[in-house]
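A.B. asks: fold the following, please.
(chains A and B)
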Amino acid sequence: EPEVTQTPSHQVTQMGQEVILRCVPISNHLYFYWYRQILGQKVEFLVSFYNNEISEKSEIFDDQFSVERPDGSNFTLKIRSTKLEDSAMYFCASRGGQETQYFGPGTRLLVL
Amino acid sequence: RKEVEQDPGPFNVPEGATVAFNCTYSNSASQSFFWYRQDCRKEPKLLMSVYSSGNEDGRFTAQLNRASQYISLLIRDSKLSDSATYLCVVIVDTGRRALTFGSGTRLQVQP
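C.D. replies: Numbers count the residues shown, from 1 in each chain, chains lettered A, B, ... in the order given. Next comes the predicted model:
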């Protein structure tokens, strides 16, 4: 069964450093999403991406964040200068023409 | 007011019990509704979509009441493997299709 994959599974970084989180969506999907979940809190929408551009972003997704689909398979989330409060689990999701979004296993980011 | 509100629990039930979770949503324009399941430190996984007519999938039954802006999930004959957090999820904006999550209700099924 096709699945969304994410790398790395864990990332530890120093405050102020840049991180890139990678996702490989399901191959025939066209819509891509990033969500985050701070420990003990709910899952929150960050950004959606379709046809090589951002289709919607939340108030969390400020200028420190960017997304890219550098090739036909990867979908990346970059945080330019990490803050302590960026520590969270970051989930990538993708969907095809149906509504169901399939989530990757997540990247746990810890900013020290 | 929270967009999607759930009782956080935990609900501690014995195996074989029937348990019901409720969820309310604030935006009357919400279009699509789901229950996801999340195991500890794992990704959310779709349990079932929720339709106005109600729908059932094995031991799981979901109901939607648009007038009251209320969604429910019923689990019959609970198994130990049902222990997880159940997330009520809504699509508010049909254009963006982003999921809006509740904080989840934790279920612990005990032997």
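
A.B. asks: endpoints of stretch B:65-85, how far apart?
C.D. replies: Stretch B:65-85 has an end-to-end distance of 22 Å (CA to CA, to the nearest Å).

A.B. asks: tell me which helix or strand the most centrally placed residue in chain A sits in.
C.D. replies: If you average the C-alpha coordinates of chain A and look for the closest C-alpha using CA atoms, centre = their mean, you land on residue A:34, 3.5 Å from that point. Assignment of secondary structure by DSSP states H and E places residue A:34 within strand A:31-37.

A.B. asks: name the strands paired with that strand and say parallel or antiparallel.
C.D. replies: When sheet partners are counted by DSSP bridges, strand A:31-37 sits next to strand A:43-50 (antiparallel), strand A:88-95 (antiparallel).

A.B. asks: can you pull up the bridge partners for residue 57?
C.D. replies: Looking at chain A here, since you left the chain open. Beta-bridge partners, per DSSP bridges, of residue A:57: residue A:47.

A.B. asks: please go with chain B instead
C.D. replies: Partner residues in beta bridges with residue B:57: residue B:60, with DSSP bridges as the criterion.

A.B. asks: look up how far chain B lies from the residue nearest to the centre of chain A.
C.D. replies: Shown here: residue A:34 relative to chain B, a distance of 10 Å by CB to the nearest CB, to the nearest Å. Glycine gets a C-beta too; all of them are placed from N, C-alpha and C.
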